[in-house]
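Q: I would like to see how this sequence folds:
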Amino acid sequence: LGVQMFFSVYFAWICICLVISFFISMQEIHAMQDGLLFGVKYEHWMLILQILIFSLATIVLSDFRDIFFTLAIVWGYVGIFDEQIHLEPQNEDNITQTSLALIII
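A: Residues are numbered from 1 along each chain as shown. Down below sits the predicted model:
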């Protein structure tokens, strides 16, 4: 149980770090340019990544019954939500609302 928990939480944090790192990079690109990557706004990329990670957490929970992975993902979404509500009001609320919805689900 200990080794499984360790690797589950570690893998979950790698997934969440991917989302957060991508979001920070896209914010820097947005500040320097028009904020588009392959013609898609950075907010939409963040939503796509959040939904993909949520889908992965759902698959891991349903197929492997790995609650540790899912709880680490939920904790990451709480962090994303907390960061988004403290940002400037000019940012779109889609990311905040998606994070909150995925935490509740």
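Q: every contact and neighbour count from this point should use C-alpha atoms.
A: Noted.
Q: ok, residue 78 touching residue 98?
A: No. Using Cα atoms under 8 Å, residue 78 is not in contact with residue 98, being 11.0 Å away.
Q: wait, residue 46 sits on residue 24?
A: No. In this structure residue 46 lies outside contact range of residue 24 using Cα under 8 Å: 9.9 Å.
Q: and the helix or strand containing residue 51, what's buried?
A: Residue 51 belongs to helix 42-64 when assigned by DSSP states H and E. Within helix 42-64, the residues that count as buried by 16 or more other Cα atoms under 10 Å are 42-43, 45-47, 49-50, 53-54, 56-58, 60-61.
Q: let's have those residues in a markdown table, adding pLDDT and distance to residue 85.
A: As requested, those are exported to a markdown table (pLDDT from 0 to 100; distance: Cα to Cα, whole Å):
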| residue | pLDDT | distance to residue 85 |
| --- | --- | --- |
| 42 | 73 | 17 |
| 43 | 76 | 15 |
| 45 | 80 | 19 |
| 46 | 78 | 15 |
| 47 | 82 | 16 |
| 49 | 84 | 19 |
| 50 | 83 | 16 |
| 53 | 86 | 21 |
| 54 | 86 | 20 |
| 56 | 89 | 25 |
| 57 | 87 | 24 |
| 58 | 88 | 25 |
| 60 | 88 | 29 |
| 61 | 86 | 28 |
